[in-house]
Structures are given as C-alpha cells and as structure tokens.
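Participant: need a 3D model of the sequence below.
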Amino acid sequence: MTNKLIKKVFSLLIIVTMLIGFLPIKNTSASQEYFYVNNSKVNAHTGTVLVNTRLSKHGNLVHRIGDKIQGTTYYQIASNGAMTGKPFICIEVGTQFSSYKTYGKNGSKYIRNGEYKNDKIRAFISYMNYKGMHNLPTLMQMSVWALLGQVKLDNGQANDIVSEFEKKFAKNSNSNIFKGAKLYQYQDIAHDGQRLISYDYEKIEEYDLDIQKESDQRNITDLAKSSYKLDEAKYGIFETKDNALKNTNVLAVLTTDKSGKTNKIRLKSGKYFVKEISAPLGFKLDKNVYTVDLTKDNVTLKLKDSPKYNLLSIMLKKTNEKGINLEGAEFKVNYYDGIYEDVSKLKPLKTWIFKTDKNGQFGFEEKFKIGGDELIKDAEGKSIGLIGTYEFIETKAPNGFKLNHQKVLSHVKDDGNRTYTGDEGTIYNIPKVVNERQELIINKIDYKNGLNIKDTTSFKIFNNGNDVSMHLIGDNGKYIYSENKGNKSEIKTDKFGNLFIKGLPNGKYEVLETKAPHNYIKTDEKFTVVMANNDERLVISNEAKPSISTKAFDNSTLKKSHMPTELVEIRDRVEYNNLLYGKNYTIKGELIDKATGTPLQDSKGKITSQKTFIAKKEKGFIDLIFKIPANKLRGKEIVVFEELYKDEKLLTSHKDINDQNQTTKVENPSISTQFIEKTSKDKILNPIGKVDLIDIVKFNNLVVGEQYKLKLTIMDKETKKTLIVNDKKVEQEVKFTANTKSGNVEVPLQLNVSKIAGKTLIAFEELYYKDELIAFHKDINDKNQTIEISNPTLKTNAVDDISGNKEIIPEKMITIKDEISYDGLIVGKKYTIKGKLMDKENKAVIKDKNDKEILSEITFVPKTTKGKIDLKFTVDSSLVIGKEIVVFEDLYIENTLLVSHSDINDKDQTVKIKEKEKIKETPKTIQHNNPRTGDAGIIGFVSLILMSIFMFLIIRKSKKI
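Facilitator: Numbering: from 1, shown residues only. Got it, this is the predicted structure:
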C-alpha cells in the first residue's frame, strides 16, 4: 500500500513539474525592461531584443524582414528599450494597430493612444491611422528612415508628417531601406507571445556632391558657342587619389549639362577625389585631381577649363612655278562658328582682308591685315584662330596672273590627329591657292550617248615626237607641267574620264590612248591639239566594248545533258550587246574538254563553228551548231568558248571554263537489275504453272523528261542461250519517261514454269534511247539477275514400324512406316505429303472396316533442301493378311500437287503381311489370388492396424489426465 502511495505521489510531482515548466518566469530585476505585444510580456536587455515564442514548436530561428513565420509575413523593426528614446516598432500583416500596446518600465505605466512620450513613435502611429494600414511596405520605409534620421518627424499634425515623408520617398524610392541594419540572434525566453525579429540600425551620414564647370576665357568661348560647349564633360568620382590618377575603380561619373552643371550624387560621409575623364567640345582635358571633403555638408565643386585654339602663323600659301613672284595677292577671309563643308547659305561671324608677302603667304597677324574686323586675341594679346570654318576668297591676283575665282575652305578642328597645330588638340590644314595657267582638258565620252565615261583611261602626249609625259607631275587626272621634273611614263584620267594638264608650253601636241576604259574599245587614232596661251579641250569618244553571254544545250532536247548516241548536236546561243547597227561581226566557237582544258577533236580535228552576220540591233543573239560523236564522249563535260570579231579585230571573248551556262555534259547511263517473283519476292520458285515475275531495273544518269525503252531477255544459265518456252523466246519490253536522273523501272513477266523445273533463269536488260543502245546489264553470274526453278523429288522405303522389316507379322493392329527422302525443296516453305495404301495384287486402294481409304499425311517446313520425314499408317491386320501393300505418296504445296511417287512395282514402297500361324491348345493353369500391391484388401488391413494404435494412444493419455 505504501509503495502504491509513493508511486501516485511521484506521478503527481512529475505532472506538477511539467506544468510549472510551462508557467512564465517573471523577472523583477530593477534593470530589466518589458515590452507587451498582443498582451504578452517580452523581456528586453540592453543591445538586443530577446524574443522566443512557442519554443517547443519552433526553436531558435533567425529571420529577415519579409520571411514567413507560421504562414504569416512579418514586417518588423525592433530595438532595445522603447522608453529610452529608441523606438520599438512591430508591424504584422493582418493585425490591426489597436492590438499593439506600449508599456512603461516594468509594465508599471500604461500609455494609451495619444499619450506617447516618444515623438517618433507618436508620428508613426499617426501616419498609420491616417493611411488606414493599407500600405505596409511604405510604412516600413518611412519608419526605417525615421530611425536612421533620414526623415524629420516633428510634433505636427499627421497630414504634415505624411506630406514631408512622401516628398522624401518620391526622390529615393529605390534606396535600400535596410542599409546599416544589423541582425541579432534570438535568445531563449519561455514566454508566449508574438514572434519578433530584432534589428539595430546604424545612422549613416550622407551628403550630395555636384560640379559647376565654366570656361577660363569666356571672351573667346562665348563668341563661338557652336565650337565651344560646356555639356558632355565627364568627371569621375574616386575613393583614392591613386585610383583617380590611374582612372580605375570609378565610383560614379558626373556629366555636365549645357550650363556646365552636373547631376547630384549622394555619397556616404568621407573624403573623395574628382578628376575630369572626358573634356567637352573645344576645351582641353583638365588633368588635375581635386579633393572633396564630404563630411559636414553638401558640396558643389567649381572648376574651369581652358579652350583650344590655333595661332595660325601661316594662314594661306599662294603657289606656282619656282621663281614666280606671287606677292600682293589680296584675300577676304570669312570665319564661321562650326565645321562646315558648304557655307554658301551662312553668314560669317567675322571677316578680315589680308595681303600676301613675297613668299605668296600670309598669317593671322596685324602685319598682314589690311581691313575688316578686329582680330581675335587671347588673354596674352596674341592673335588666335578659333575652332571653326575659314573661307578664303581671292579678291586681287598678283601681276601677270588670272584671278582665281575658286573659294577655298579650311578648318580648325578639335582633333588629336594634327597636320599643323599652334596649340594642343587643334588641327589646321593650310589652304593653297594655285595661280591659273593655260590648261589642256581631255574628256572621254561614250561613242553612242555622248556621256562621260566614268572610268580611268591612260594616255601618252608627244611634242615634236618627244614624250611630254616625263615632264608631268600629278596623279588621278590632274597634272602640272615642269621643265625639270616629272616621272610619268603615262598619264591617267580621273574616275570620271577627265584629264587636266596645266602649264603646257605653247606648241603642237599629239595625244595617243594607251589603255581604254573598262568595257570600252581602245581607239588607235592620234589626236592633235595646239596650245597657245589659252585653255584647250579635247573630246575623245570610245565605242563600248560589246559583251557576249552564252547558253549551250542539246539541240534536240533543249536540255543541258546529252545521251551518248552516235551523233549529237550542241546548240550554243550567243547573246550580244553594244553592237553597232549595220556593222559586220563574226562569232567563232570552239568546244573544250572541261577536265583537260584542251580542245575536243573528232576525226577531222578540232570541233568548231562560226557565223558572220550584220547587226540589225544593238542587242540580239546568234546560234552556233556543233556536231559531236557523243558515244565516244561518255561522262565528259563540254565547255563552249566564243570570240566576237569586227573587221577581223577581236572585240571580246567568253572563255570561262567554270561557266555552267557554257557547259553541257554527255551522260554515262548505267542500269542494274533485281529479278524476283512479284508477290513473294522469292528467288527460288516451285515448278507450279504460271508465275508473275518482275525485273526491277535501277537506272542512273538519264536525261530527265526523255523517253526510253527497256528490253528484258530471259537466259538459260546452263545453255547460256535465250530461254525458249512453247517454241518462243522469253522476252519483254517496257517504255518509260525518266522523271528523275536516277530511279527504278519495273519490267513485268508472266511465265509458265511447270515445264522448266530445275532450270536457272538469268534476266538480261538493254536500255535504248531513240532506238540506240545506250546501256545494258548482262552478267550470267549475277545473283541479283537470277531466279531458280526448283525440281522436287521423293524417294520412299516402307517397313514395319516396330521391327523395321519388309515382312510384317499380323498382330491385331499393325503400323507401316514410310520413310520418305525428299530433295529439291525450298527452305522455309510449307509442304504437305499425303500417302495411301495400295493392294499390289488388284491395284486397289486398301480400305478399313468402314469402307474408308486408309490415308496418312504430314505438313512440315524444311530447313534444308534435302532431308527425310516419316509417314505412318495403322491397319487392322485381319484386312490385309497375306497381302503385299504398296505405299503411294504425293507432295503438295498450298494444295497444289508438286510430285507423286506411285510405282506399284517399287519394292522400296512395298511391305508384305505374313499369314497367321496356327497355335496348339494347352491345359489351363489354376490362378491363385495372392494379394498384390494395390489390392483393396491389403489397404483395409493396414488401415485397421493404424486405427487401433491411434485409439490406444488416446485412452492412455486420458488416464494420465
């Protein structure tokens, strides 16, 4: 009893202990603070919010904002000690704000709505009430910014707070709202309540940086605003000076607008380095590195760039032959702001008048200026040329020369590839104005339409038999005569067919064309011109070179291929262009073997053709006919070469060995066959009546669309002669049109094979085109061309099934075994052998007691052409005692008789039934019925003994019990 009581008490203690374990532990330490969330008390220690809910289910977990806990997404911000000035905020989707309570230290003071000591918490709650809790992520953004000091929330009305927050949020909606947050680990506290996640936010100081750029010489740059621009300057922001110098690890790039101001960038408090990485149009790149202290306030960095310009010490050169005085030429120079190739519709920004010195040149200096606007000068007072376009117009020529009316443009460019530079980064090409001398102009024109020939032509020029070309300097259609210089063996027009030669001395000249323009005929005429202090023009016309194109094909089929017949005609259609009306022309053609590149020949030599005609039109065609022995050119590709002549002068030719239009081919047709039975596809057939045969002929290299004839001849392989059946040769013909170059044609043949057992048939094929044999297939040993007709035979030996003897002892029922040897069968075919028994004496079929013939049959599939099989007959001996029995056999396939073996005198087919011997009677022996294994009596006796033993054992067991 005592033990039972102890057990009960112990159990009760365990239960109480477990219940006590689930009771909340109240910590009343003076330094401890509590938060109540959803009416559950939560401990908080300095530095960390410690929360654990439903520890037995979930254990210790670390979550981030937005994680799902128990199927609900929580948005939470928590810090230690709500009443110490750091707000404690918990937001849970789906939980109304009224469920959240804030308590004072140790829970001693309850703060209701509207009585919050912390201004940030009060503002946050006001904002939530105002928004109706419909935009939690936005609330989250605002509250985090409040903690980080990015949003200033005062004690004003909720509307004012919302207005300021939304302005801030609109500018930085893509900011990382959790930047600076630190995640803390849960601690175990056995309290039931809302699950929270703890974050501590560091306040990060950030400031704005931008740049204001301007020109350090605005008097210059403001004058030419198209050539000097402040926008598109790029500045790199770097964390170290070394990175800035090397232009690596760029934090950000600021780009200026038209006013020179960049966009703002917000950066974390610290020191930064700024360097220009791309200068704007017209300005030099600033290579300095600027340090920015961004630790107290926003910074606008003000920088200046220097403009690029050119000193233009040499502005223009006037040139002519050496020793000629070009002093005194006057020029009007117009300046345009910008780079232009055509200024005809523009108004110049500045205009000056300059005069050349004794060297024929002037510069952008006061000593050369004789009129116009003031010169542009830099800060040091030097005359400079701004970036832009300069137009030079000669207003007065030197004495003894013609005025040059050509307006020349030159540019000062903002370019790193400089021809002449007076300052870094600008390029200036010095224009040259050449004094005009007498000029010979040669124009090449088309003979028919009179238009310029847009191609180069080569000439030589002679004066009194002397080659003047050696005294010319220049290229591309423009040359200048020099008494002492020159290295030209011939001169060429420009790409438009024009030739300009300046400075030729007075005299008589002969011009000879040495090379014609492309696709034109060179003229052999010499042209004379006299130079006498005037410009001269010589117009030389050329005939366009005729062009020919060809297409060769079979004259009969109009196709690109020929069959290898004895004689084939090739028609070559030659199309011509640019012929002159009424002129005599000759076209000559020749056939070329493409493989060797040599002319084709027949018995008479080269195979050629030609035709002379008078051109009635500029365009047209002529046909040339070539005859070839195609049967001797099997497989050859033939190319037609053509030449066009006028007055025995070769004008043009067409000789492209790879031109398919000029090419035809003599095909090399071939055939191969597959000779089979039509339905079964067999190559070995039984000699049964008429069979449908088919010869599948595969052809290659035929001309598509042409008609052909196939002739089939069946050969007897043994005699190597045409097979004759019923006194007729076995032959067949089929005509067909080739739809493809290669394909198959079937030649059907019906043949009675019952009389040709044992023969081997070979299909010979011949292919004809226009009654000319072009291909054949005649291989007497080709198995594909072969069909065999089988010759089945039977040989039998009838014996007693038991003894194997030819004489049979007449038991009540006897069995006769007919051992059949077969030969000439087709492997895999199903055969049936039927047998019957014949009475040799009266030659009648033996019947049983029911007057039915005694028959036997067997169906089999031979695995070899030659073999053995047994046929058995069971007979009542009383019907055949003393008789000689002959076994007759028939061999069938598909109910068709192939062969019979029915020789009544064949001893092998014959057995004899002996007469019965008479048996003497003997006294009967008395039979004693001794028990035998299996008798019912012995079984009963054994059963009785077993039963007795069983009963004895039962009675003995009951007594013991």
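Participant: beyond the helix or strand hosting Asp623, next helix or strand please.
Facilitator: Taking DSSP states H and E as the definition, one finds Asp623 inside strand 620-628. With elements assigned by DSSP H and E, the helix or strand that comes after strand 620-628 is strand 637-646.
Participant: just want the angle from that following strand to strand 620-628.
Facilitator: Using axes from the mean of the first three to the mean of the last three Cα atoms, to 10 degrees, the inter-axis angle of strand 637-646 relative to strand 620-628 is 130 degrees.
Participant: partner strands of strand 637-646, parallel or antiparallel?
Facilitator: strand 584-593 (antiparallel), strand 649-654 (antiparallel), strand 663-666 (antiparallel) (DSSP bridges).
Participant: of all the ones you listed, which one is nearest Asn334?
Facilitator: strand 649-654 (53.9 Å; Cβ to Cβ). Where you see a C-beta, it was placed from the backbone N, CA and C, and this is true even at glycine.
Participant: what residues of that closest one count as buried?
Facilitator: Neighbour-count burial for strand 649-654, counted by 16 or more other Cβ atoms under 10 Å, picks out 651-652, 654.
Participant: tabulate those residues (JSON lines), appending distance to Asp373 and pLDDT.
Facilitator: Shown next, in JSON lines, are the buried residues of strand 649-654 (distance: Cβ to Cβ, whole Å; pLDDT from 0 to 100):
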{"residue": "Leu651", "distance to Asp373": "65", "pLDDT": "89"}
{"residue": "Thr652", "distance to Asp373": "64", "pLDDT": "90"}
{"residue": "His654", "distance to Asp373": "68", "pLDDT": "93"}
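Participant: what is the one helix or strand Ala244 maps to packed up against?
Facilitator: For Ala244, the host element (DSSP H and E) is helix 241-246. Secondary-structure packing of helix 241-246 (3 or more Cβ pairs under 8 Å, 6 or more residues apart in numbering; DSSP states H and E): strand 270-278, strand 289-294.
Participant: partners of the helix or strand that the last one is followed by, with directions?
Facilitator: Spelled out, that is strand 289-294. Per DSSP H and E, the first helix or strand lying C-terminal to strand 289-294 is strand 299-305. If you go by DSSP bridges, strand 299-305 pairs up with strand 206-215 (parallel).
Participant: CA atoms of the strand it pairs with as CSV?
Facilitator: What follows is strand 206-215, C-alpha atoms only, in CSV (Å, rounded to 0.1, in the frame of the first residue of the first chain):
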residue,chain,number,x,y,z
GLU,A,206,25.2,61.1,-46.5
TYR,A,207,25.8,64.2,-48.5
ASP,A,208,25.3,65.5,-52.0
LEU,A,209,28.1,66.3,-54.4
ASP,A,210,27.8,68.1,-57.8
ILE,A,211,30.1,70.1,-60.1
GLN,A,212,29.8,73.5,-61.7
LYS,A,213,32.1,74.0,-64.8
GLU,A,214,32.9,77.1,-66.7
SER,A,215,35.4,78.5,-69.3
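Participant: now do that strand, average pLDDT.
Facilitator: Strand 206-215 shows an average pLDDT of 91 in the prediction.
Participant: relative to strand 289-294, how tilted is it?
Facilitator: Taking the same axes, to 10 degrees, one finds strand 206-215 and strand 289-294 inclined to each other by 140 degrees.
Participant: can you list the residues that contact strand 206-215?
Facilitator: 221-222, 228, 230, 233, 235, 237, 254, 256, 260-269, 272, 274, 280, 283, 292, 294-307 (Cβ atoms under 8 Å, 6 or more residues apart in numbering).
Participant: give the buried residues for that strand.
Facilitator: Buried-residue list, strand 206-215, by 16+ other Cβ under 10 Å: 207, 209-211, 213, 215.
Participant: same question, stretch 691-699
Facilitator: Here stretch 691-699 shows 691, 693-697, 699 as buried, counting by 16+ other Cβ under 10 Å.
Participant: among the residues you listed, which ones are in strands?
Facilitator: 691, 693-697, 699 (DSSP state E).
Participant: so, low pLDDT: which residues of the protein?
Facilitator: Along the chain, the model assigns pLDDT under 70 to residues 1-204, 313-314, 317-326, 398-403, 415-437, 483-488, 533, 917-945, 947-948, 950-961.
Participant: hmm, 50 instead?
Facilitator: Within the chain, the ranges that satisfy pLDDT under 50 run 1, 14-142, 144-159, 161, 169, 172-203, 400, 416-425, 925-937, 959-961.
Participant: ranges for the helices of it?
Facilitator: 2-22, 55-58, 119-131, 136-148, 158-171, 218-221, 241-246, 936-960 (DSSP state H).
Participant: give the contact list for the residue nearest to Leu346 when sequence neighbours are not counted.
Facilitator: Using Cβ to Cβ, 6 or more residues apart in numbering and skipping the chain neighbours, the partner closest in space to Leu346 is Tyr336 (5.5 Å). By Cβ under 8 Å, 6+ apart, the residues touching Tyr336 are 343, 346, 348-349, 388-391.
Participant: same question, Ile237
Facilitator: By Cβ under 8 Å, 6+ apart, Ile237 lies in contact with 209, 250-254, 265, 267, 272-274.
Participant: which one of those is nearest Val887?
Facilitator: Using Cβ to Cβ, the contacts of Ile237 come closest to Val887 at Val250, 112.8 Å.
Participant: quick one: the closest one and Gly236 touch, right?
Facilitator: Yes: look at Val250 against Gly236 with Cβ atoms under 8 Å: they come within range, at 4.6 Å.
Participant: the more surrounded of the two?
Facilitator: Gly236 (21 against 16; other Cβ atoms under 10 Å).
Participant: which residues does the more buried one bridge with?
Facilitator: Val253, Lys275.
Participant: was I right to think it contacts Leu245?
Facilitator: No: Gly236 is beyond contact range of Leu245, at 10.8 Å (criterion: Cβ under 8 Å).
Participant: who touches both of these two?
Facilitator: By Cβ under 8 Å, 6+ apart, Gly236 and Leu245 have these common neighbours: Lys275.
Participant: which residue sits closest to Phe283, ignoring its sequence neighbours?
Facilitator: Closest to Phe283 by Cβ to Cβ, 6+ apart is Asp305, at 4.1 Å.
Participant: contacts only, for the one you found.
Facilitator: 213-216, 233, 276, 279-280, 283-284, 286.
Participant: among the residues you listed, name the buried ones.
Facilitator: Buried members of the contacts of Asp305, scored by 16+ other Cβ under 10 Å, are 213, 215, 233, 276, 279-280, 283-284, 286.
Participant: returning to that earlier point: most neighbours among the contacts of Tyr336, please name it.
Facilitator: Going by other Cβ under 10 Å, Tyr390 tops those with 26 neighbours.
Participant: from Glu374, how far out is that one?
Facilitator: 16 Å (Cβ to Cβ, to the nearest Å).
Participant: cool, and Asp231?
Facilitator: Using Cβ to Cβ, Asp231 is found at 29 Å from Glu374.
Participant: swap in Glu765?
Facilitator: Separation of Glu765 from Glu374 (Cβ to Cβ) stands at 107 Å.
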